[in-house]
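Novice: I need the structure of the sequence given here:
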Amino acid sequence: MSPLFRRTLLAILCAAPAFILSSPAAADWRPVGPFGGMVTVLAVEPATSTVLAGTGSDGLFRSRDHGETWQPVGDGSYGVFRIVFDPRHRGTVYAVQGRFLQKSTNSGRSWGSVSLPYDDVVAALAIDPRRSILYASFAHSLYKSADGGAHWTRVHDSLLEEDLEVDPATSAVYAATPTGLYRSRNGGGAWQRLSLDASVLHDVSIAPSNPSVLYAGGEYGLYRSTDGGGHWRAIHEGLPSPAVTSITVHPNRPLTLYVKVRAPQWGPIGRLFWSVDGGAHWQTAGPGLPEGNLLSFAIDPAAPSRVYAGLPQDGVYRSVDAGRHWSWANRGLRTQNVSRVVLDHERPGTVYAGPLDFGLVKSTDAGRSWKIINDRVYYGWRTATVALDPEQTSTVYAGIPGRLERSDDGGEHWRRVDVGLQGVSFNGLITIDPSQTSTLYAGGDPTIFKSTDRGETWLPLGQPAACITQTLDLDVSPSNSSVVFASALASGASCPPGPRGNPFGLFKSMDGGAHWARTGLFMNKVVLDPTDSSIVYGMDYSYHLLKSTEGGARFTRLSLPGPGLATTLTIDPADPSRLYAGSIGTAFTSADGGATWEQVGKKIEGWVYDLAIDPDVPGRLWAATTRGVFVFAP
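Specialist: Predicted structure coming up:
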């Protein structure tokens, strides 16, 4: 999902008061979480116990203290799906990141790209522990490299490998495929289908301490061989489902293995099970590991009782007793893509953050710890709006595509308040009238909806013939409740198109939404001056920052430093001439209504999606970014 599309669904309520920042360039930004996120793959270097965690969209993280703390390494722009250490060459590791194969020779501290013969996704990756020969499946073929990826040789047509494994004793290559398990004894040139009567295999794993012991798992079962693949027996009896998607074998005990099992009642996510007798008996992971949320797993070869689990939302959990007990291990793991940060001006240190990938989180200690308070979000959707009632901040609204929920106790309990919004493609966008806080506006397709009873009931304000058919941004003037702006798609016979036939536009209502008129170009975001309804700021879809002093009738472009791109804007309610603008990796402030700007602090990781001024600590500024929440405190 592109940042451009993400921005169209962000809420624009800025209710917290603020203070002017002093000496903005003298301090720096500090990450405060929420730590964790989607961890797709984990790997541990045998020689150093360095842990690498690949994330779903934010690249690689590295830990040198067994998961106590993490640091981002390499390019954080793409997801990582495979990591392979070379056991013969300390420090050498390979990672499949997006459509690229990356290599590090210093245990993941820095990375460079490996040139492939074709631009294609690497579907499977493995290394020969005896000879450091690298195998990779891409471009519908299997390739190998004997010089660390500098040169590649095509050795066979692809078997549609989902997983590759190399025997540490014989260098035989095994491939788990949709049509069964295959083995090559000549470096991938010729393949033999083994006698395992199973299809749609996802994983094959060889016991490092006894390569005659093999395990293979897939959609229809888990199997073990004790004679190098000659004979097999099913060992999934006792598991809740035969669908096994990954297998990890203990480095010293060939009959101890950990598997990820997927069951229909759990959806696409698996759970962790383990056996110490080769699959004769199974037990579930011990307490502390969030139930039903396993994506990846790794064992520390130097200390096999230390194991790691990667989760789709909660990052990394660690066990030091082989999986019997688990603890959170995410400090510094900044993968949360946060679109919104809102501060409670009645409760110091209380912060709400809306991740793009799931739910709503809350901190009551200024970001030192976070708690998920609303996770009723399907994968692919997220909290589009977080809004607090300015007069009664214990009332929290969570706008989610398809539903609107309200909590009257700070997020402890929630209930739906979207009667009238259901079935109209509600996109999660709401805004509160700052002067009449029981009045809310919501964007949908078609038209705009309004509630005057805190969301209990909703009525449409216009029909498609009245131009507004798909609303992507809303704002109510804090100084005049009758003035409402909407950035929306316009259609219908009674609605003339904008310049060059553009169906999108900026619309304005002077009577609380009863009537609308096109007033300008379509905006990515609209922000209204808190004291003067004639002053309107906007960002177009080229991320240019604009200003109107004529109520939106005409806009002029404001010049930000550097590339001049703005991703968000916040106005200081105590001094409307003081502005804060977010950009890509930076934030800026202006003391003269946008005429001149200076940078706030140093660089911020990622895109800045939202800025909030702390109502309790003078000079403190909060930023929601593609790498979580950051705080600036001079």
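Novice: Moving along the chain from the worst-scoring helix or strand of the chain on mean pLDDT, name the first helix or strand you hit.
Specialist: One helix or strand of the chain scores below all others by mean pLDDT, DSSP states H and E: helix 3-8, with a mean of 30. For helix 3-8, the succeeding helix or strand toward the C-terminus, using DSSP states H and E, is strand 29-33.
Novice: Go ahead and produce CSV holding the CA coordinates of the next helix or strand after that following strand.
Specialist: Once the chain leaves strand 29-33, the next helix or strand it forms, by DSSP H and E, is strand 39-44. Provided in CSV are the C-alpha atoms of strand 39-44 (Å, rounded to 0.1, in the frame of the first residue of the first chain):
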residue,chain,number,x,y,z
VAL,A,39,8.3,-10.1,11.9
THR,A,40,8.4,-12.4,8.9
VAL,A,41,11.7,-14.2,9.5
LEU,A,42,14.3,-14.7,12.2
ALA,A,43,17.8,-16.1,12.0
VAL,A,44,20.6,-16.4,14.6
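Novice: and strand 39-44, which strands flank it?
Specialist: strand 51-55 (antiparallel) (DSSP bridges).
Novice: any residues touching the strand it pairs with, and which ones?
Specialist: With CB atoms under 8 Å, 6 or more residues apart in numbering as the test, strand 51-55 has contacts from 37-45, 60-64, 66-67, 70, 79-83, 93, 95, 97, 108, 296, 298, 300, 308, 310, 315-316, 333, 335. Yep, even glycine has a C-beta here, placed from its N, CA and C like the rest.
Novice: Also stretch 176-190?
Specialist: 133, 135, 142, 144, 155-156, 159-165, 170-175, 191-194, 196, 198-204, 216, 218, 229.
Novice: Mind listing what's buried along that stretch?
Specialist: Across stretch 176-190, burial judged by 16 or more other CB atoms under 10 Å covers 176-177, 180-184, 187-188.
Novice: ok, back up a step: put the buried members of the contacts of stretch 176-190 into a ChimeraX selection.
Specialist: A single ChimeraX command selects the buried members of those (16+ other CB under 10 Å):
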select :133,135,142,144,155,156,159,161,162,163,164,165,171,172,173,174,175,191,194,196,198,201,202,203,204,216,218,229
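Novice: Restricted to strands, list the contacts of stretch 176-190.
Specialist: Among the contacts of stretch 176-190, the members falling in strands (DSSP state E) are 135, 142, 144, 155-156, 163-165, 173-175, 192-193, 201-204, 216, 218.
Novice: so who does residue 605 touch?
Specialist: 31, 72, 76, 334, 585, 625-627, 630.
Novice: for those, which one is nearest residue 304?
Specialist: residue 72 (27.5 Å; CB to CB).
Novice: Partner strands of the host helix or strand of the closest one and their direction?
Specialist: Per DSSP H and E, residue 72 falls inside strand 71-73. Using DSSP bridges, the strands paired with strand 71-73 are strand 60-63 (antiparallel).
Novice: What lies in contact with the partner strand?
Specialist: So strand 60-63 is contacted by 50-55, 69-74, 76, 80, 83, 95, 97, 102, 107-109, 111, 329, 332-335 (CB under 8 Å, 6+ apart).
Novice: And the pLDDT for residue 252?
Specialist: Looking at residue 252, its pLDDT reads 97.
Novice: Using the three-state scheme, assign it.
Specialist: coil (DSSP: H, G, I helix; E, B strand; the rest coil).
Novice: Identify the spatial nearest neighbour of it, chain neighbours not counted.
Specialist: Nearest residue to residue 252, sequence neighbours excluded (CB to CB, 6 or more residues apart in numbering): residue 209, at 5.1 Å.
Novice: quick one, phi/psi of residue 281?
Specialist: phi -140, psi 150 (degrees, to the nearest 10).
Novice: Which helix or strand contains the closest residue to residue 556 other than its chain neighbours?
Specialist: Counting by CB to CB, 6+ apart, residue 547 is the residue found nearest to residue 556 once chain neighbours are left out, at 5.9 Å. Using DSSP H and E, residue 547 maps to strand 545-548.
Novice: Can you give the contact residues for that strand?
Specialist: 520, 523, 534-540, 554-558, 560, 564, 566, 569, 581, 593-594.
Novice: Which of these fall within strands?
Specialist: Counting by DSSP E, the contacts of strand 545-548 place 520, 536-539, 556-558, 569, 581 in strands.
Novice: Show me where this protein dips below the pLDDT cut-off.
Specialist: 1-27, 267-268, 292, 356-358, 376-382, 423, 462-469, 491-503 (pLDDT under 70).
Novice: quick one: residue 295 and residue 314 touch, right?
Specialist: No: the pair residue 295 / residue 314 is not scored as a contact, 10.1 Å apart, by CB atoms under 8 Å.
Novice: between those two, what contacts are shared?
Specialist: Contact criterion CB under 8 Å, 6+ apart; residues shared by residue 295 and residue 314: none found.
Novice: beta partners for residue 93?
Specialist: Beta-bridge pairing of residue 93 under DSSP bridges involves residue 85, residue 104.
Novice: Which residues lie in contact with it in this structure?
Specialist: Counting by CB under 8 Å, 6+ apart, residue 93 touches 43, 45, 52, 83-86, 103-104, 107-108.
Novice: among those, who's most crowded?
Specialist: residue 108 (29 neighbours; other CB atoms under 10 Å).
Novice: Verify the stated contact: that residue with residue 73.
Specialist: Yes: contact between residue 108 and residue 73 holds when scored by CB under 8 Å: they sit 5.5 Å apart.
Novice: On the three-state scheme, residue 339 is what?
Specialist: strand.
Novice: Quickly note the distance from the residue lying closest to residue 322 once chain neighbours are set aside to residue 46.
Specialist: Closest residue in space to residue 322, ignoring its immediate chain neighbours: residue 305 at 4.7 Å, by CB to CB, 6+ apart. Separation of residue 305 from residue 46 (CB to CB, to the nearest Å) stands at 15 Å.
Novice: Quick check on those two: which one has the bigger neighbour count.
Specialist: More neighbours surround residue 46 than the other of residue 305 and residue 46, with 16 against 13 (other CB under 10 Å).
Novice: Hmm, the more buried one is touching residue 87, no?
Specialist: Yes: assessed by CB under 8 Å, residue 46 is found in contact with residue 87 at 5.5 Å.
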